[in-house]
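Novice: here's a sequence, model it:
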Amino acid sequence: MKLILKKILIILTIIFIVCLNCLNPFAPKLVDSNNEDLIITEQKTPDQVLDNFKYSYVFKDSVLYSELLDSSFVFIYFDPNIESSGRFVSWGRDIDLKTTGRLFRNYDVIDLIWNSTIYSFNEEDRAEYSKSFHLSLIKDNETVNISGNAIFIFKKSEYDKKWRIIQWKDESDL
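Specialist: So this is what the prediction gives:
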């Protein structure tokens, strides 16, 4: 009888250790989302750049995000709090990378949905897309929803033939 109890105790201990090893306290929280189709692309088209853009936001991958932006990148948005009626403000790649890094660190879950393409214009080494989007930022069970349009201008690199964003004009409802 003692031998059977010892075997059962050993088996239960092994099962407990195996189950404990399956938990990773450092892994990000999983979200019930329809993002199972997300893969990192080679950025051979502007659409692939936007796929990587979504991936970088959903998985908070600042290294991948930095690969999306050309060295001449400019972000433009409208700030209604400047002067009496507001005005457009812009910044370059370095500030955008810092700002996006803070965004990634400050929210537990980020979900980006690209909706319709309002228009697109493609040339051999340059393209412009206007995309509607919905962005959800979740922290401590509070959600911030942002919707709007984003106008992207892309350029194909002569060096590695990858497409990158040279300008992003945010037309969200913030």
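
Novice: list the contacts for Glu67?
Specialist: Glu67 is in contact with 43, 52, 162, 164, counting by CB atoms under 8 Å, 6 or more residues apart in numbering. (Each C-beta comes from the backbone N, C-alpha and C, glycine too.)

Novice: among the residues you listed, which ones are buried?
Specialist: 43, 52, 162, 164 (16 or more other CB atoms under 10 Å).

Novice: in strands, which of those residues fall?
Specialist: With DSSP state E as the criterion, strands contain Arg164 from among these.

Novice: got the buried ones among the contacts of Glu67 as a markdown table, with pLDDT and distance to Lys156 columns?
Specialist: Formatted as a markdown table, those follow (pLDDT from 0 to 100; distance: CB to CB, whole Å):
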| residue | pLDDT | distance to Lys156 |
| --- | --- | --- |
| Gln43 | 96 | 9 |
| Asn52 | 97 | 15 |
| Lys162 | 97 | 7 |
| Arg164 | 98 | 8 |
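
Novice: sitting in helices, which of the buried ones among the contacts of Glu67 do you find?
Specialist: The members of those that map onto helices under DSSP state H are Asn52.

Novice: identify, from the buried ones among the contacts of Glu67, the entry nearest to Val109.
Specialist: Distance to Val109 across the buried ones among the contacts of Glu67 (CB to CB) is lowest for Asn52, with 19.0 Å.

Novice: nearest residue to the middle of this structure?
Specialist: Tyr57 (1.0 Å; CA atoms, centre = their mean).

Novice: apart from its neighbours in sequence, what residue is nearest it?
Specialist: Distances taken as CB to CB, 6 or more residues apart in numbering place Leu112 nearest to Tyr57, at 4.4 Å, with adjacent residues excluded.

Novice: what ranges do the helices span in the protein?
Specialist: Using DSSP H, helices in the chain cover 2-21, 46-58, 62-68, 93-106.

Novice: what's the last one packed up against?
Specialist: I take that to be helix 93-106. When contacts are defined as 3 or more CB pairs under 8 Å, 6 or more residues apart in numbering; DSSP states H and E, helix 93-106 packs onto helix 62-68, strand 69-79.

Novice: if you set the cut-off to 10 Å instead, what comes out?
Specialist: If you count contacts as 3 or more CB pairs under 10 Å, 6 or more residues apart in numbering; DSSP states H and E, helix 93-106 packs onto helix 46-58, helix 62-68, strand 69-79, strand 87-92, strand 126-139, strand 163-172.

Novice: quick one: mean pLDDT for it?
Specialist: Mean pLDDT, computed over helix 93-106, is 97.
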